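Undergrad: my questions concern the predicted model and sequence given below.
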Protein chains: 2
Amino acid sequence: MSGAKTSALMSDDEATPAEFDLPEGYIALDWRRGFGRAIGPLYRRAAGAAITLGFRVEEHQTNGMANAHGGMLMTFADMAWGHVVSIETSSYWVTVRLTCDFLSSAHLGDWVEGGGQLVSTSDDLFVVRGRVWCGDNTLVTGVGVFKPIAPRDPRPGEKLFKT
Amino acid sequence: MSGAKTSALMSDDEATPAEFDLPEGYIALDWRRGFGRAIGPLYRRAAGAAITLGFRVEEHQTNGMANAHGGMLMTFADMAWGHVVSIETSSYWVTVRLTCDFLSSAHLGDWVEGGGQLVSTSDDLFVVRGRVWCGDNTLVTGVGVFKPIAPRDPRPGEKLFKT
């Protein structure tokens, strides 16, 4: 089953928003400034406990071979894996270390997803084993170490959020 | 001594190009498409054998704290460290693995530089120990593993370039 037709939510025409079938359950992350806007749009899906981010490879995210740029995949991995810290703690967080192993490529137009599994919270360092994939194809595996730096108001979808 | 006044070379108004004193010896990398354009402008300096890339932190490269975004720093590290492969081999290359340790932050307006040292070329894998810094402040250290995938025509500044 395909999701609803959508167009990317951007606050200007920086990226030409293409209409496409957004996979079911995904909603746009509405980042209106900074690097998040420049490299977006990104999308988020919460299916039970498993939360994944996604994006469709657009021209402004590609390298010279029209594949998703390594920098884009690392940025996406950082966001998709570190997102666990937001869910668990409703904190602002920083990345302490990120290791990415690049296994294969995603092409212009491909739908890419990423998520991670929390493997340790010792010493208030959140260690996440993560993956970025496109269909059955793993693009990146790796480990992120993230550190919460300041609590903020819980947002919908986070464990501390009270309905 | 300060460098020449410059304005960022962009093919549209995506990022508002700010005039600033470019450190001596740096020239703009003229990337007109894809991720390189979206996250730029970046600059390059060749001082003898040492080649460094640089960028001035602009709004579209920042996180919510007005610091250079971790994804931006990783993207920049990938480019600045992997650049060694271009210099040595005049090849297109891919990133196999990148590990970044984040030590401190660069703020909006800061001038950030990066470069790396080639430590191995065994098995045609180029291993680079790299650093990203802002003045005397180290922002990121890490290791990149890069693989040349296809030779191309040598460009000025590369070892195979014939004048």
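TA: Sure thing, it's come through.
Undergrad: B:Pro154 versus the residue nearest to A:Asn67 when sequence neighbours are not counted, what's the distance?
TA: Ranked by C-beta to C-beta, 6 or more residues apart in numbering or on different chains and with sequence neighbours excluded, the top spatial neighbour of A:Asn67 is A:Ser105, at 4.1 Å. For glycine as for every other residue, the C-beta is placed from the backbone atoms N, C-alpha and C. Applying C-beta to C-beta, to the nearest Å, the value for A:Ser105 to B:Pro154 is 25 Å.
Undergrad: tell me the bridge partners for A:Thr141.
TA: Beta-bridge pairing for A:Thr141 (DSSP bridges): A:Asp101, A:Arg131.
Undergrad: nope, A:Val127 is what I was after
TA: Bridge pairing for A:Val127 - DSSP bridges - gives A:Ser120, A:Val145.
Undergrad: isn't it up against A:Lys147?
TA: No. Between A:Val127 and A:Lys147 there is no contact under C-beta atoms under 8 Å: 10.5 Å.
Undergrad: to which secondary structure element is A:Thr75 assigned?
TA: Per DSSP states H and E: A:Thr75 is located in helix A:70-89.
Undergrad: related to what we said a few turns ago, neighbours of the residue nearest to A:Asn67, how many?
TA: 18 (other C-beta atoms under 10 Å in any protein chain shown).
Undergrad: that one: what's it in contact with?
TA: A:Met65, A:Asn67, A:Ala68, A:Leu139 (C-beta atoms under 8 Å, 6 or more residues apart in numbering or on different chains).
Undergrad: would you write a PyMOL line that selects the buried entries of the residues you listed?
TA: Of the contacts of A:Ser105, the buried ones can be selected in PyMOL as follows, counting by 16 or more other C-beta atoms under 10 Å in any protein chain shown:
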select buried, chain A and resi 67+68+139
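Undergrad: surely the residue nearest to A:Asn67 is within a strand?
TA: No. A:Ser105 is assigned coil when assessed by DSSP: H, G, I helix; E, B strand; the rest coil, not a strand.
Undergrad: out of A:Val127 and A:Lys147, which sits in the busier spot?
TA: A:Val127 (20 against 17).
Undergrad: and A:Ser86, how far from chain B?
TA: Separation of A:Ser86 from chain B (C-beta to the nearest C-beta, to the nearest Å) stands at 12 Å.
Undergrad: so what's that residue up against?
TA: Contacts of A:Ser86 were listed using C-beta under 8 Å, 6+ apart, and they are A:Trp93, A:Arg155, A:Glu158.
Undergrad: next up, phi/psi of the residue nearest to A:Asn67, please.
TA: phi -110, psi 160 (degrees, to the nearest 10).
Undergrad: how far away is it from A:Tyr26?
TA: Computed with C-beta to C-beta, the distance linking A:Ser105 and A:Tyr26 is 22 Å.
Undergrad: ok, now A:Gly70?
TA: Relative to A:Tyr26, A:Gly70 is positioned 24 Å away (C-beta to C-beta).
Undergrad: cool, and A:Asn63?
TA: Distance of A:Asn63 to A:Tyr26, given as C-beta to C-beta: 25 Å.
Undergrad: could you do A:Leu53 as well?
TA: From A:Leu53 over to A:Tyr26 (counting by C-beta to C-beta), the distance is 9 Å.
Undergrad: SS state for A:Arg97?
TA: Going by three-state DSSP: A:Arg97 is strand.
Undergrad: neighbours of it, just the number please.
TA: Counted with other C-beta under 10 Å, A:Arg97 comes out at 17.
Undergrad: give me the more crowded residue out of A:Gly70 and A:Tyr26.
TA: A:Gly70 (25 against 22).
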